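> coords please:
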Amino acid sequence: MQLQTDLSSLKKGERVDHFLMIRRSELKQTKTNKSFVSLELGDKSASLPANLWDNFHSILSELVVGAVVHVEGLIEEYQNAPQIKIENVRLPKPSENMSAEFFLPKSKRNLDEMKNEFKSFIAEIENSNLKKLLTSLFDDNKFEKFSKAPAGKQWHHGYLHGLLEHTLEIIKICKLMATFHKEINHDLLVAGAMLHDYGKIDELVFDSAFDYSDKGKLLGHIVLASLRVNEAINEIPDFPEELTQQLLHLILSHQGKLENASPVVPRTLEAIALYHADELSAQTNAYKSAIISDVNAQSDWTKYISLISTQLYKKEVNNQ
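Below you'll find the model as predicted:
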């Protein structure tokens, strides 16, 4: 794979001569019934919209989400946002040896460091039943998939190894809360933190462009995690029923509200701590990513973000 400038660093009027991954592809029509392909193209640094107006019919079947194409064109603006004006697009040659993983964003944290940190937290668990459960659910093969997965398609920790990074943040927040509130069951809370998003290894597809699997769309990661954990519990002789119920409650309630897709609301100390730890990690990461990736360089404010119904202030404070 040849080196190329990050898409995020290109400014209006600069040339695009890049291999990019298709993140969205839709065949549309104008009001005058002219067909065109509406695309979102990206590398590991950013994604930008683009329209393909002419000479696309011969490769239309190849313009699918997750495919890599070579694009020549210009960065231009539409409604104060950057987009790619495509002049030419082609499929890669076999000799160009395109790997989808090159175009996927990754955690900036060292992967081996995160893996070792996670395993050390399992080693600290004193409850023998929870330790058996965690050892089973995070055996070598399962842990590799868990460690590779993003935590989401886009909003927070939406990059390779993001699920592991997000989970470690939550574990640390939960452990801190357990030092403040001695009534909290430390092992139960940490186990819940480790397993709350376990279903995302089934919910998300992340070998190429991030997307939701059929299973993910039909069941969602909360149900998928509960099924996986309950199945593993059933393989452990004499696993306490009360512990099963409390651990599953942590998973089922971790999004806090029924309108946020949690089947139940938090009803234990551990559940309320996990919910707020999850929110703190997810929202802080999402806001940070939105500020870093914002393309509105002429302003101290990001563009309007519809998901949170506001702009974000991005001017740094001088600590001197």
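
> For residue 147, which three-state class applies?
State at residue 147, reduced to three classes by DSSP: H, G, I helix; E, B strand; the rest coil: helix.

> show me what contacts it?
Shown in contact with residue 147 (Cβ atoms under 8 Å, 6 or more residues apart in numbering): 111, 114-115, 118, 161, 163-164. Where C-beta positions appear, they are placed from N, C-alpha and C, glycine not excepted.

> what helix or strand is the residue lying closest to residue 184 once chain neighbours are set aside on?
If the residues on either side of it in the chain are set aside, residue 184 comes closest to residue 178, at 4.6 Å by Cβ to Cβ, 6 or more residues apart in numbering. Using DSSP states H and E, residue 178 sits within helix 162-180.

> What of residue 84?
Secondary structure assignment for residue 84, by DSSP H and E: strand 81-90.

> quick one: residue 73 from residue 87, how far?
In this structure, residue 73 lies at 5 Å from residue 87, with Cβ to Cβ, to the nearest Å as the measure.

> quick one, which of those two is more surrounded?
Neighbour totals were compared for residue 73 and residue 87, and residue 73 leads with 19 against 12 (other Cβ atoms under 10 Å).

> Doesn't the more buried one lie inside a strand?
Yes: secondary structure of residue 73 (three-state DSSP): part of a strand.

> List the beta-bridge partners for it.
Applying DSSP bridges to residue 73 gives these bridge partners: residue 16, residue 86.

> where does residue 239 land on pLDDT?
We have a pLDDT of 98 for residue 239.

> mind listing what it touches?
Contact partners of residue 239, counting by Cβ under 8 Å, 6+ apart, are 129, 133, 233.

> By neighbour count, which of these wins?
The most crowded member of those, judged by other Cβ under 10 Å, is residue 133 (24 neighbours).

> and it, how far is that from residue 124?
Between residue 133 and residue 124 the computed distance is 15 Å (Cβ to Cβ).

> ditto for residue 59
As judged by Cβ to Cβ, residue 59 and residue 124 stand 54 Å apart.

> Show me which of the two is the more surrounded one.
More neighbours surround residue 59 than the other of residue 59 and residue 124, with 15 against 12 (other Cβ under 10 Å).

> Was I right to think that one contacts residue 92?
No: applying Cβ atoms under 8 Å as the test, residue 59 and residue 92 come out as separate, 11.6 Å apart.

> Helices along the stretch 1-150 of the chain, start to end?
All helices of the stretch 1-150 of the chain, identified by DSSP state H, counting those that start in this stretch, fall at 111-124, 128-137, 140-148.

> Give the buried residues for the longest one.
When neighbours are counted by 16 or more other Cβ atoms under 10 Å, the buried residues of helix 111-124 are found to be 114-115, 118, 121-122.

> just the shortest one next, same as before
Of the residues in helix 140-148, those with enough neighbours to count as buried (16+ other Cβ under 10 Å) are 143, 146-148.

> what does the second one give?
Of all the residues in helix 128-137, those buried under the rule 16+ other Cβ under 10 Å are 129-134, 137.

> What are the contacting residues of that helix?
Residues outside helix 128-137 that contact it (Cβ under 8 Å, 6+ apart): 122, 125, 187-188, 191, 194-195, 198, 228-229, 232-233, 235-236, 239-240, 243, 247.

> before we move on, what about the first one?
Surrounding helix 111-124, the residues in contact under the criterion Cβ under 8 Å, 6+ apart are 107, 131, 134-135, 138, 143, 147, 161, 164-165, 167-168, 171, 190, 194.

> I'd say residue 38 and residue 28 touch.
Yes: judged on Cβ under 8 Å, residue 38 makes contact with residue 28 at a distance of 5.1 Å.

> With neighbour numbers in mind, choose between these two.
The neighbour count for residue 38 versus residue 28, taken as other Cβ under 10 Å, is higher for residue 38 (13 against 10).

> Below-threshold pLDDT in the stretch 1-150 of the chain: ranges please.
Per-residue confidence of the stretch 1-150 of the chain (counting by pLDDT under 70) places the weak regions at 1-2.
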